[in-house]
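Asker: Let's see this in three dimensions:
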Amino acid sequence: MPVTDTISDYLTRIRNAGTARHSTVVIPKSKIKLAMSRILKDQGYIMDYEVIQDDVQGNIKITLKYYRNVPVIKNIAKVSKPGRRVYSPSDNLPRVNNGLGIAIISTSKGVMTDKDARRQKLGGEVICTIW
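Answerer: Coordinates of the predicted model:
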C-alpha cells in the first residue's frame, strides 16, 4: 500500500523502533528525511545515520540512541499534516518542553531546528516536535 505522508511514516518508524528496543531502523531515503536525520544526529537524539544506495531511491539506516536501556527520544510528533499545514513566523515558533526539546522547521534556507530559525529570524512550516 502506498504511503501518502512520507514524513509521518519516517517519524512512526523511529517511534516504533524505539518502543520495540531495536538498535537500527531502515527508512526509504528522500532529501527532507536526510536533513531531518542530520538534525537528529546533531542534536543527540540518534547515534548515527547512513545512506544505503540501491537501484531505486536508496535507504537511510538510523542507529537509535538509548540511555540506561530507555530510548533518548521520549516523544516525536508530527505537527504539520497534509490536511492542515502549520506555518509560523520567526517570533512565534513553538518552544518544545520549555526549550528542552526541539521543533524541526522547513524554511526558505532549508530544514533546521526552531532555535536556528529563531536565530536567523526565519519562519516556515513546523514539521514535527521531539523531546
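Asker: In contact with the residue nearest to the spatial centre of the chain, which residues?
Answerer: The C-alpha lying nearest the average C-alpha coordinate of the chain belongs to M36 (Cα atoms, centre = their mean; 4.4 Å). Contact analysis of M36 by Cβ atoms under 8 Å, 6 or more residues apart in numbering lists I7, Y10, I104, V111, I127, C128. In short, each C-beta sits where N, CA and C put it, glycine included.
Asker: and the residues you listed, which two are the farthest apart?
Answerer: The largest distance within the contacts of M36, taken as Cβ to Cβ, falls between Y10 and V111 and amounts to 12.4 Å.
Asker: Just want to know which of the two has more residues nearby.
Answerer: Y10 (25 against 21; other Cβ atoms under 10 Å).
Asker: isn't the more buried one right next to L34, touching?
Answerer: No - applying Cβ atoms under 8 Å as the test, Y10 and L34 come out as separate, 10.3 Å apart.
Asker: about what we covered before: need the contacts of M36 in TSV with pLDDT, can you?
Answerer: Supplementary listing: the contacts of M36 in TSV, determined by pLDDT from 0 to 100:
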residue	pLDDT
I7	96
Y10	97
I104	98
V111	98
I127	98
C128	97
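Asker: give the contact list for the residue of the chain most remote from its centre.
Answerer: Relative to the average C-alpha location in the chain, and by Cα atoms, centre = their mean, no residue lies farther out than D55, which sits at 25.1 Å. Residues touching D55, when contacts are defined by Cβ under 8 Å, 6+ apart, are absent altogether.
Asker: Quick check: V111 vs A20, distance?
Answerer: Applying Cβ to Cβ, to the nearest Å, the value for V111 to A20 is 27 Å.
Asker: I'd like to know how far Y10 sits from S23.
Answerer: For Y10, the distance to S23 equals 18 Å [Cβ to Cβ].
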